[in-house]
Each structure stands twice: as structure tokens, then as C-alpha cells.
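Asker: Dropping the sequence and predicted coords here.
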Amino acid sequence: MKLGCMVHLEGRLAQVSLEEQFARLKEFGIPTCQLNCWKPELFTDEKAEEIKTLSAKYGIEISALWCGWSGPCTWNFYDGQTSLGLVPAAYRYQRMQELMKGALFAEKIGVTDVITHCGYLPENPVSTEYAEIITALKSVVKFYREHGRWFLFETGQETPVTLLRVITDLGIENLGVNLDPANLILYGKGNPVDALDVIGQYVRNVHGKDGLYPTDPRRLGREVPMGEGKVNYPAFIKRLAEIGYDGPITIEREITGEQQTADIKMACELLTRLFAENNAL
């Protein structure tokens, strides 16, 4: 396994320039990153050239593009149902187009995997809503296949079994999972170690993040530094090694400032030790 960290094209978590973010990863000894972007208008030829130049200059492999979408997004259990991903019909078509644009941008920068949140995928497989989502996803995923890209679901807003059902019902070979173990905790959707028994065969990238279960039925649980939450990282890394996962663990700490830097360094130390213990370096 390899260490990774998030690099942000824009937004609150970017904090510094794109080059400064790549330089920081080089300084920390982190060889891979996921590139995060929530503004599809940044998917330009000029930005693609800048990214390729910086990746080569600092020797940082881009393991995936995290592709966001336009419109409202509220990260809770109520407004999130009507604002996140492809589930809300009012935003679905526009976001499908933006995800397709993400595939084309990934092609420009030579990145195979594109990740997104699809929203609260319906638990009821015989509902009209479920059928509509499957239809929309088929269109997007087939476009990805035509352009040689993989479409990765980020975990969290649905149970692992529901995600497995969606992947199986789509039945398209270029589907995968970006397993965020903390999200399964934060949304109260499952145990990350056990989730590997359900969707482990589809995992192509993994986030390194930690969190606590929700105690307010309206709000997600709280993100905390790695090792201080409910993700059992020793058991999680051990199980990843057992199923043969050898990709990156991409550290994601969704705060800003000096504490973010300190928490990323601490996560690097923890993961490096666990990699060594499981012969996964």
C-alpha cells in the first residue's frame, strides 16, 4: 500500500496554491494524491497542463480525480436527501453532464479513476426512484467506459449492501469503490472492516479518515484525527492486506490550518507503521 493525500483545485480546503500543495506532499514523503474539484468549469486544457507539469515536477502520482458537481449540497440526514448527488431529480441531468465532463478531464490528465458521491442511493430496490437512478447511472458509466475511465462510488450515504446491489444491477465492468471508512461511521451506515466482506472486491481507492457515529438523528457524526475515532485502523489495514489491496490510502482531513498539517503527519506515521506490520509497504 502507498500513502496518499488530497490535493484541492479550489475551495476552503485548498488553503494554498496547487503547486504549494504538491510541494507539501513531496516534503511529507507522500507519493500519491487524489485531485479534488467541485467546479467543473476548471476542467480546462490549461488546468490539465498545469496539473501534469506539477505532478511530474514533484513526482506525485495522481491516483484519482474526485469530481464534484454544481448546485446545493447539505451534508446532513434531511436536506442531504434532496440536495446530494444524482438522486435529486431537479439537479440530475446537469450533474450527469458534469460527471461526464470529469471523465474527459481525467482523460486529459492521464488519470484512470474518477470518484464522486452519488447521493443517498435508495435502499428500496423496487421503488421508482431506484429504477430512475440506475438508468441515469448507466448512461454516465457507459460514457466513462467509452473513454477508458473507471467510475468509483464513494461510500457513506448508503449501506454497503445497497452499494453492492447498485453495482450488480448496473452490471458494467468499469465500476469501483472509493472506500471512505470514516463516512460509513459518520453516516451510521456500517462497520468499515465488515464492509470489506461485502464490497471489498470493488475497492480501487481508500480514504484515510476517522470519525464518530452520529448521536443526533439530524446530523452526521463528527470527523476526528485518525486513530481517535471508531475506525479500527489496525484491523482495517490488516483486512485490506488480506484481500490483496495494494493501492493508496489517501489521507483526508477536512479541517484547515496548522492542526490539519499536524493531523496529516500523525496519520502518515500511523499508516506507515500499520503498512509495515502487515507487510504492505
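Answerer: The structure has been received and is ready for your questions. Keep in mind the model is a prediction, meaning the values are calculated, not measured.

Asker: roughly how far apart are the nearest residue to residue 14 once chain neighbours are set aside and residue 115?
Answerer: Of all residues not flanking residue 14 in the chain, residue 8 sits nearest, at 4.0 Å (C-beta to C-beta, 6 or more residues apart in numbering). Using the backbone N, CA and C atoms, a C-beta is placed for each residue, glycine as well. The spacing between residue 8 and residue 115, counted by C-beta to C-beta, to the nearest Å, is 14 Å.

Asker: re earlier: tell me the bridge partners for the residue nearest to residue 14.
Answerer: Taking DSSP bridges as the rule, residue 8 bridges to residue 36.

Asker: Just give me the neighbour total for it.
Answerer: 19 (other C-beta atoms under 10 Å).

Asker: what do you get for residue 244?
Answerer: 8.

Asker: how much space between the residue nearest to residue 14 and residue 42?
Answerer: 11 Å.

Asker: quick one, what contacts residue 107?
Answerer: 147-149 (C-beta atoms under 8 Å, 6 or more residues apart in numbering).

Asker: Looking at those, which are in helices?
Answerer: Among those, no member is found in helices (DSSP state H).

Asker: Provide a ChimeraX selection command restricted to the buried entries of those.
Answerer: In ChimeraX syntax, the buried subset of the contacts of residue 107 is picked out as below (16 or more other C-beta atoms under 10 Å):
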select :149
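
Asker: Can you check my assumption that residue 30 lies in a helix?
Answerer: No - applying DSSP: H, G, I helix; E, B strand; the rest coil, one finds residue 30 to be coil, outside a helix.

Asker: any idea how far residue 203 is from residue 110?
Answerer: Look at residue 110 and residue 203: by C-beta to C-beta, they are 22 Å apart.

Asker: These two: which is more packed in?
Answerer: Neighbours per residue, other C-beta under 10 Å: of residue 110 and residue 203, the larger number sits with residue 203, 19 against 11.

Asker: which stretches of this structure form helices?
Answerer: Under DSSP H, the chain gives helices at 18-28, 45-58, 89-109, 128-146, 160-170, 181-186, 192-199, 233-242, 258-277.

Asker: Determine which stretch of the ones you listed is the most buried.
Answerer: helix 181-186 (a mean of 26; mean count of other C-beta atoms under 10 Å).

Asker: Could you export that helix as CSV, CA atoms only?
Answerer: This file holds the C-alpha atoms of helix 181-186, laid out as CSV (Å, rounded to 0.1, in the frame of the first residue of the first chain):
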residue,chain,number,x,y,z
PRO,A,181,-14.1,4.1,6.3
ALA,A,182,-15.0,7.2,8.3
ASN,A,183,-18.0,8.0,6.1
LEU,A,184,-19.5,4.7,7.0
ILE,A,185,-19.2,5.7,10.6
LEU,A,186,-20.3,9.3,10.2
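
Asker: For that helix, name the packing helices and strands.
Answerer: Counting contacts by 3 or more C-beta pairs under 8 Å, 6 or more residues apart in numbering; DSSP states H and E, helix 181-186 packs against helix 192-199, strand 203-208, strand 210-211.

Asker: can you pull the contacts of residue 280?
Answerer: 1, 237, 240-241, 246, 274.

Asker: What residues does residue 68 make contact with?
Answerer: 36-40, 116.

Asker: pLDDT and neighbour count for these - can I get that in JSON lines?
Answerer: Formatted as JSON lines, those follow (pLDDT from 0 to 100; neighbours: other C-beta atoms under 10 Å):
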{"residue": "36", "pLDDT": "97", "neighbour count": "21"}
{"residue": "37", "pLDDT": "97", "neighbour count": "22"}
{"residue": "38", "pLDDT": "96", "neighbour count": "17"}
{"residue": "39", "pLDDT": "95", "neighbour count": "13"}
{"residue": "40", "pLDDT": "94", "neighbour count": "19"}
{"residue": "116", "pLDDT": "98", "neighbour count": "22"}
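
Asker: Which members of the residues you listed are the farthest-apart pair?
Answerer: Of all pairs drawn from the contacts of residue 68, the widest gap by C-beta to C-beta lies between 39 and 116 and measures 13.8 Å.
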